[in-house]
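J.: Sequence plus predicted model, see below.
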Amino acid sequence: MSKEALVKVRGVTQKYATGRKEFIAVRDVNLTVKDGEFVVLLGPSGCGKSTLLRIITGLQKPSEGRVLYRGQPVVGVNPHSTIVFQTFALFPWLTVQQNVEIALKAQEVPHAERTRRALELIDRVGLDGFETAYPRELSGGMRQKVGFARAMAVEPELLCLDEPFSALDVLSAQSLRSDLLELWVSGGIPTKAILMVTHNIEEAVFMSDRIVVMDKDPGRVVADVIVDLPHPRHYKSPKFAKIVDRVYATLAGQTQPEHIEVGTAPGVPGGRTRALPDITIDNLTGVLERLAEMPNDTADIFRLAEELRADSDYLLRLTEAAELLGFATLAQGDITLTPLGETFAEARILTRKEIFATRIRRLPLFQWLLRMLDAADNNQLERDVTLVALQLDFPSYIAKRQLDLIIEWGRYAKILEYDDSSEIIFREAAIPVESKA
């Protein structure tokens, strides 16, 4: 028997204007969430997962496309849905019970009824005895349980979760995942469907019935993976590992020809400025060294994440950096060192810097900055001037981080320098202007 569709997302695109360029957060997304489903939106940071969640709940209107809830267009905030965010968002001056009741109070639920519902939910999430406690008295996991209870108090048909476990330590997060699943599987919460955002692959497979895999630049759906495993699930089971491996392979993708991988320089009409992966060079070096110790210089990315105990999103950024620099290739969920990557992994420090410098000089982003430095007075650029130029191609928060990475990578490679006191970027041979201080 076919289940009823609660949510239908059709042709949704979200655009933002950023300087001379239009930034597309998500493009042409189609998605259906059915009654009884636990669906996860999974993808790297910046792929538009949270944007899509806000659009689905009616907190944000899409630039194009539409969202239907039970066949009717969503106009304004959807009263049948609610969101739990990664930050606990509790009112510190209210007790646990008062924090749970406040959503019901806003709906003008009578005092006696909201007290009954709040106490019932507090008990259901395992906080019985803490009704009069304040948020400062609770652990992170307990505070997030209050957030869950408050969201469920309004009895939403669609419960949306935006990275709800990411602010917790590992043990608290795992405990809370299990608690939520117990409530969901047992029918202990009055919810028809759950839609959760995460970048954690193992978490997605552990919890969901279906994983909608997204990629970035622009944000889009690239796969829809059914997780046909009974609860409770076990991380070490072969079937669990097989699905995790498949998702890793989907997200890692496959190495493309160099002109596609590196993108174009900022300001190129119709071009795609490739952002630098947000990683540290020390961590990249560590991964390459480990790969050099493996048979055929190859590793399954999922197994590598397990061995290194690395967050899946961060490891995928490291593999992206290795691929971008030509140190490794990706195919079918495996990463393999190139001869250049093997040379880098086995080289001494100064030789590594020389190899790294050669590789980043071929990236359009660095070519653009070096041309600007060559044309500037005294071969120097103010940080703010460079940042403004980057903001023409990236949203401001991404531009700022990209500039930090450009400086970090450039200094490591000794192709540029940076004076923090004067906030001046300059060629290594140039002498920076006197400090602004």
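T.: Thanks, I have it. On a predicted model such as this, the values are computed, not experimentally measured, just so you know.
J.: Show me what stretch 102-115 is in contact with.
T.: Under the criterion C-beta atoms under 8 Å, 6 or more residues apart in numbering, residues 82, 91, 94, 97, 101, 117-118, 150-151, 153-154 lie in contact with stretch 102-115. Backbone N, C-alpha and C define where each C-beta goes, glycine included.
J.: if we go to 6 Å?
T.: 101, 150, 153-154 (C-beta atoms under 6 Å, 6 or more residues apart in numbering).
J.: what would these look like in JSON lines with pLDDT?
T.: Output for the contacts of stretch 102-115, formatted as JSON lines (pLDDT from 0 to 100):
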{"residue": "Glu101", "pLDDT": "89"}
{"residue": "Arg150", "pLDDT": "85"}
{"residue": "Ala153", "pLDDT": "81"}
{"residue": "Val154", "pLDDT": "80"}
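J.: pLDDT below threshold where in the stretch 1-150 of the chain?
T.: Applying pLDDT under 70 to the stretch 1-150 of the chain picks out residues 1-2, 18-21, 88.
J.: at 90 what do you get?
T.: Across the stretch 1-150 of the chain, the ranges flagged by pLDDT under 90 are 1-5, 15-25, 43-48, 75-77, 79-80, 82-92, 100-129, 131, 138-150.
J.: Repeat that for the stretch 151-300 of the chain.
T.: Those would be 151-156, 163-191, 199-200, 215-219, 231-232, 235-236, 249-275, 297, if you go by pLDDT under 90 across the stretch 151-300 of the chain.
J.: any chance you could map the strands in it?
T.: Here the stretch 151-300 of the chain has its strands, by DSSP state E, counting those that start in this stretch, at 158-162, 193-198, 210-215, 220-226, 298-300.
J.: Which elements pack onto the last one?
T.: Spelled out, it's strand 298-300. Secondary-structure packing of strand 298-300 (3 or more C-beta pairs under 6 Å, 6 or more residues apart in numbering; DSSP states H and E): strand 334-337.
J.: Name the next helix or strand downstream of the strand it packs on, please.
T.: For strand 334-337, the following helix or strand on the C-terminal side (DSSP states H and E) is helix 339-346.
J.: if we can go back for a sec, need the strands of the stretch 151-300 of the chain in a markdown table with distance to Gly263 and mean neighbour count, can you?
T.: Formatted as a markdown table, the strands of the stretch 151-300 of the chain follow (distance: least, C-beta to C-beta, whole Å; neighbours: other C-beta atoms under 10 Å):
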| stretch | distance to Gly263 | mean neighbour count |
| --- | --- | --- |
| strand 158-162 | 29 | 23 |
| strand 193-198 | 26 | 25 |
| strand 210-215 | 15 | 22 |
| strand 220-226 | 17 | 15 |
| strand 298-300 | 26 | 19 |
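J.: okay, these in CSV with distance to Ile349 next?
T.: Formatted as CSV, the strands of the stretch 151-300 of the chain follow (distance: least, C-beta to C-beta, whole Å):
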stretch, distance to Ile349
strand 158-162, 42
strand 193-198, 38
strand 210-215, 35
strand 220-226, 39
strand 298-300, 24
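J.: among the ones you listed, which is nearest Arg54?
T.: strand 158-162 (8.5 Å; C-beta to C-beta).
J.: ok so, going back, may I ask which two of the contacts of stretch 102-115 are separated the most?
T.: Spatially, the most separated pair among the contacts of stretch 102-115 is Glu101 and Val154, at 10.8 Å (C-beta to C-beta).
J.: okay, the two: which has more neighbours?
T.: The residue with more neighbours, out of Glu101 and Val154, is Glu101; 24 against 17, by other C-beta atoms under 10 Å.
J.: For the more buried one, pull up the helix or strand it's in.
T.: helix 96-106.
J.: what comes up buried for that helix?
T.: Within helix 96-106, the residues scored as buried using 16 or more other C-beta atoms under 10 Å are 96-104.
J.: quick one: Glu307 from Ala173, how far?
T.: Distance of Glu307 to Ala173, given as C-beta to C-beta, to the nearest Å: 21 Å.
J.: wait, I meant Arg359
T.: Relative to Ala173, and taking C-beta to C-beta, Arg359 is found at 37 Å.
J.: With Ile83 instead?
T.: From Ile83 to Ala173 the distance is 18 Å (C-beta to C-beta).
J.: next one: Leu6
T.: Distance, Leu6 to Ala173, using C-beta to C-beta: 27 Å.
J.: Neighbour count for these two, which is higher?
T.: A direct count of neighbours by other C-beta under 10 Å for Leu6 and Ala173 places Leu6 higher, at 22 against 19.
J.: which one is Leu158 nearest to, not counting chain neighbours?
T.: Of all residues not flanking Leu158 in the chain, Ser81 sits nearest, at 4.0 Å (C-beta to C-beta, 6 or more residues apart in numbering).
J.: Mind listing residues that contact the longest helix that the chain contains?
T.: Taking DSSP state H as the criterion, the chain has its longest helix at helix 396-413. With contact meaning C-beta under 6 Å, 6+ apart, helix 396-413 is reached by 275-276, 281, 353, 356-357, 360, 387, 390-391, 394, 416, 418.
J.: For that helix, list the C-alpha coordinates in PDB.
T.: Extracted C-alpha coordinates of helix 396-413, given in PDB (Å, rounded to 0.1, in the frame of the first residue of the first chain):
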ATOM      1  CA  SER A 396      30.900  37.100   2.500                       C
ATOM      2  CA  TYR A 397      31.400  34.400   5.200                       C
ATOM      3  CA  ILE A 398      32.900  32.000   2.600                       C
ATOM      4  CA  ALA A 399      35.100  34.800   1.200                       C
ATOM      5  CA  LYS A 400      36.600  35.500   4.600                       C
ATOM      6  CA  ARG A 401      37.500  31.900   5.200                       C
ATOM      7  CA  GLN A 402      38.800  31.500   1.600                       C
ATOM      8  CA  LEU A 403      41.100  34.400   2.200                       C
ATOM      9  CA  ASP A 404      42.400  32.800   5.400                       C
ATOM     10  CA  LEU A 405      43.100  29.600   3.500                       C
ATOM     11  CA  ILE A 406      44.800  31.400   0.600                       C
ATOM     12  CA  ILE A 407      47.100  33.100   3.100                       C
ATOM     13  CA  GLU A 408      47.800  29.900   5.000                       C
ATOM     14  CA  TRP A 409      48.500  27.800   1.900                       C
ATOM     15  CA  GLY A 410      50.600  30.600   0.300                       C
ATOM     16  CA  ARG A 411      52.700  31.100   3.400                       C
ATOM     17  CA  TYR A 412      53.400  27.400   3.700                       C
ATOM     18  CA  ALA A 413      54.400  27.300   0.000                       C
END
